[in-house]
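Enquirer: How does the following fold in three dimensions:
(one chain, ligands or ions: 1)
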Amino acid sequence: MAKLAVIDLAESSYSNQNKDLLEASRYCGCFRVINHSVPGSLQSEMKAAVKDLFDLPDDVKRRNADVIHGSGYMAPSPKNPLYEAFGLYDAASLSDVDAFCSLLDAPSHVRETIKTYAESLHKVIVDVATKLAESMGLKDQNFSEWPCQFRINKYNFMQDSVGSDGVQIHTDSGFLTLLQEDECVGGLEILDPGSGSYVEVDPVPGTLLVNLGDVAKAWSNGALHNVKHRVQCKAATPRFSIALFLLAPKDDKVEAPAAFIDSDHPRLYHSFKYEDYRKLYQSTGLQAGEALSQLLI
Ligand code: MG
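Expert: Have a look, this model is predicted:
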């Protein structure tokens with residue numbers, strides 16, 4: 001089982017926390033956050049709301065169309081037959097969250113839960129990104145305008161799927177991912193840099209998991225680690241998880257700040273627009289960090 005760093009977001013003195021945050025982000029690309037200000041009751045209500053959405057008829061689910069490439073509903077496919085997901089872009093915009101709920105004819109209590117949850121998770125992911133930038137010596141980064149996407153996942157695990165892939169090996173394409181895991185059904189595995197093998201990440205109810213993606217690696221000029229991960233089917237039980245992705249700067253290119261570049265650390269990546277990168281990542285199937293390698297200088 002993976003031993004992950006645990007970052008206390010309510011800690012008043014950040015010197016040690018920032019050191020741990022940076023070390024985990026550089027080495028493993030994955031850590032847990034506690035005292036994150038999202039009530040356990042809201043996490044439970046969101047999970048119930050998500051289950052209601054997956055019970056909708058197929059034609060209603062498909063109204064959740066792409067806003068940017070691959071941001072909408074994903075039905076089970078030959079590549080991932082056990083996996084189904086809703087997508088919500090831009091989850092940082094309450095009017096977009098409202099529009100998502102309207103498309104799916106969400107009842108008012110589900111709509112209120114999703115809106116409150118989106119607002120709460122957005123605050124946490126901006127807080128984590130800000131602390132990460134501070135730990136790297138950048139005090140003036142504003143992540144609150146960066147577009148976000150929700151991906152609401154259901155894994156239709158059945159008896160004959162135990163031992164198979166729920167989602168194949170990949171890195172996330174954006175900057176940070178904040179994940180509410182299924183509190184009962186595990187299956188997430190990350191590549192452990194020490195052993196070079198995949199290790200299980202068991203759920204810890206009430207905490208949130210953070211992953212770093214390809215944009216974090218490019219933005220940090222290679223200093224931060226985009227963690228490879230996958231989901232394995234461990235039990236014949238449906239599994240639900242909710243991921244919020246902080247993607248990349250709005251209307252701006254992904255580029256390492258000048259503070260990260262010097263003669264010992266020359267610029268590693270060409271600058272790029274996130275939406276172009278996302279198309280490359282999704283259309284080529286190069287989803288385990290290889291697409292990013294194509295942007296090396
Ligand atoms: Mg992922």
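Enquirer: Only the buried residues of stretch 233-243, if you could.
Expert: Neighbour counts over stretch 233-243 (16 or more other CB atoms under 10 Å) mark 233-234, 238-243 as buried. Any C-beta I mention is one placed from the backbone N, CA and C, and that applies to glycine too.
Enquirer: Just the terminal-to-terminal distance for that stretch.
Expert: Across stretch 233-243, the terminal residues are separated by 18 Å (CA to CA, to the nearest Å).
Enquirer: swap in stretch 207-223?
Expert: Its start and end residues considered, stretch 207-223 measures 26 Å (CA to CA).
Enquirer: try stretch 187-207
Expert: Stretch 187-207 has its terminal residues 16 Å apart, counting by CA to CA.
Enquirer: what's the average pLDDT for that stretch?
Expert: On average, the pLDDT along stretch 187-207 is 91.
Enquirer: And that stretch, what's buried?
Expert: Across stretch 187-207, burial judged by 16+ other CB under 10 Å covers 187-192, 198, 201, 203, 207.
Enquirer: next one: phi and psi at the residue lying closest to residue 60 once chain neighbours are set aside?
Expert: Counting by CB to CB, 6 or more residues apart in numbering, residue 60 lies nearest to residue 104, which is 6.1 Å off, once chain neighbours are set aside. Dihedral angles of residue 104 (phi, psi; degrees, to the nearest 10) stand at phi -100, psi 10.
Enquirer: and what of the one 4 residues further on?
Expert: Taking degrees, to the nearest 10, you get phi -60, psi -40 for the backbone angles of residue 108.
Enquirer: Show the contacting residues for the residue nearest to residue 60.
Expert: 53, 56, 60-61, 63-64 (CB atoms under 8 Å, 6 or more residues apart in numbering).
Enquirer: hmm, which two among these are most spread apart?
Expert: 53 and 63 (11.4 Å; CB to CB).
Enquirer: Comparing those two, which residue is more hemmed in?
Expert: residue 53 (20 against 14; other CB atoms under 10 Å).
Enquirer: A helix includes the more buried one, no?
Expert: Yes. Using DSSP: H, G, I helix; E, B strand; the rest coil, the secondary structure at residue 53 is a helix.
Enquirer: taking the contacts of residue 104 one by one, which sit in helices?
Expert: Judged by DSSP state H, the contacts of residue 104 include 53, 60-61 as members of helices.
Enquirer: how about the helices in the protein?
Expert: Here the chain has its helices, by DSSP H, at 14-27, 40-54, 58-61, 94-103, 108-135, 214-219, 274-284, 290-293.
Enquirer: now the angle from the helix or strand of the chain with the lowest mean pLDDT to helix 274-284?
Expert: None of the helices or strands of the chain scores lower by mean pLDDT, DSSP states H and E than strand 165-170, at a mean of 84. If you take axes from the mean of the first three to the mean of the last three CA atoms, to 10 degrees, strand 165-170 sits at 120 degrees to helix 274-284.
Enquirer: Convert the C-alpha atoms of strand 165-170 to CSV, please.
Expert: The C-alpha coordinates for strand 165-170 follow below in CSV (Å, rounded to 0.1, in the frame of the first residue of the first chain):
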residue,chain,number,x,y,z
ASP,A,165,-8.5,-2.6,-15.5
GLY,A,166,-11.2,-0.1,-14.6
VAL,A,167,-9.1,2.7,-16.2
GLN,A,168,-5.7,2.0,-17.9
ILE,A,169,-2.4,3.6,-16.9
HIS,A,170,-2.4,7.4,-17.4
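Enquirer: How far off centre is it?
Expert: Mean-position distance between strand 165-170 and its chain equals 14 Å (CA atoms, centre = their mean, to the nearest Å).
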